[in-house]
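Peer 1: Attaching a predicted model along with its sequence, questions to come.
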Amino acid sequence: MLLAIDCGNTNTVFSIWDGEAFIGTWRTATEWQRTADQYYVWLSTLMKFQNIDVEITDVIVSSTVPRVVFNLRVLADRYFNTRPIVVGKPDCLLPVDVRVDAGTAVGPDRLVNTVAGFDLYGGDLIMVDFGTATTFDVVAEDGAYVGGVIAPGVNLSLEALHQAAAALPHVDISKPQAVVGTNTVACMQSGVFWGYVGLVKEICARIKAERDRDMKVISTGGLAPLFQQSQALFDDFQDDLTMHGLTVIHRYNKENN
Ligand SMILES: Nc1ncnc2c1ncn2[C@@H]1O[C@H](COP(=O)(O)OP(=O)(O)O)[C@@H](O)[C@H]1O
Ligand SMILES: CC(C)(COP(=O)(O)O)[C@@H](O)C(=O)NCCC(=O)O
Ligand SMILES: [K+]
């Protein structure tokens, strides 16, 4: 059975794939100091708790934080007796082309999103991922990753206001009732929420104009539903897009490597 690990700058998600469905998914904060032994105690406890008694034979990792990969490799080797596939490493094959400037190390999460999007929808896509950063990944007609956009994340923007301005509190994002806020929190939420709606609209419109074609816009990431409900910003929303992409890449490597 496959253990798929998606490590972002904020959260790391572990999912077990039985070949047809994810039978367990768990989330932990990303901390590069965490050792293989710590991961194993955490994971095996949660598996036991949910009565998941399966043998993990394969591990695939996508990590936007290079330092965590070492301990995840040790986890795979020591506890599951397998060599993990690490997306972005030369020995991990991708079913799509990557057409960017020479020497660019594209975030593995963006490659995985591209593969997942192409598998589910075909080409000509804009994948919008609301993570620590908000990324737009452009998928060409043939499924290639051809670049995109990196913007500050929603929570990062709110946190930056709090960090830099003495009188601005820590605020969680939510959809404000009105654009004109009548208190500090409402003003901050409005700036970030409506600012983001505008950002998404403008960037998607410009990508479509630059590429001179219509494209499907697919959203993913924890905060995507918040934006989905407000406006018709996206053609579709996929909660477990990155996990789906990891299963596709794993299968491709098994068949071709
Ligand atoms: N359902 C949610 N509601 C509110 N905030 C969320 C939710 N899911 C994730 N977040 C927040 O969104 C940000 C990005 O989370 P995540 O998608 O896990 O990022 P990454 O993949 O970069 O680790 C984090 O600040 C996280 O706390
Ligand atoms: C842009 C990112 C920081 C997004 O990471 P995330 O928000 O998922 O943690 C990550 O994809 C990354 O480190 N990219 C490297 C540069 C690039 O993709 O061009
Ligand atoms: K992201």
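Peer 2: Received the coordinates, thanks. Ligands and ions are numbered 1, 2, ... in the order given.
Peer 1: N51 versus the nearest residue to L246 once chain neighbours are set aside, what's the distance?
Peer 2: Spatial nearest neighbour of L246, excluding adjacent residues (Cβ to Cβ, 6 or more residues apart in numbering): A4 at 4.0 Å. Glycine gets a C-beta too; all of them are placed from N, C-alpha and C. When distance is defined by Cβ to Cβ, to the nearest Å, A4 is 20 Å away from N51.
Peer 1: Looking at those two now, which is surrounded by more residues?
Peer 2: Between A4 and N51, counted using other Cβ atoms under 10 Å, the more crowded position is A4 (27 against 7).
Peer 1: got the contact list for that one?
Peer 2: F14, S15, I16, W17, V59, I60, M243, L246, T247, H250 (Cβ atoms under 8 Å, 6 or more residues apart in numbering).
Peer 1: Over to P95?
Peer 2: Per Cβ under 8 Å, 6+ apart, neighbours of P95: V115, F118, G143, V248, I249, Y252.
Peer 1: Over to it. Which of the three states is it?
Peer 2: Each residue gets one of three states, and P95 gets coil by DSSP: H, G, I helix; E, B strand; the rest coil.
Peer 1: Strands of the stretch 51-200 of the chain, start to end?
Peer 2: Using DSSP state E, counting those that start in this stretch, the strands found in the stretch 51-200 of the chain span residues 58-63, 85-86, 125-130, 133-139, 145-152.
Peer 1: Return the most buried member of those strands.
Peer 2: Mean neighbour counts were taken over those using mean count of other Cβ atoms under 10 Å, and the top value, a mean of 26, falls to strand 125-130.
Peer 1: and that one, anywhere near ligand 3?
Peer 2: Yes: among the residues of strand 125-130, D129 lie within reach of ligand 3 under Cβ under 5 Å from the ion.
Peer 1: List the contacts of the closest residue to ligand 2 within the chain.
Peer 2: Evaluated by Cβ to the nearest ligand atom, the chain has G107 as its residue closest to ligand 2, separated by 2.0 Å. With contacts defined as Cβ under 8 Å, 6+ apart, the neighbours of G107 are T64, T135.
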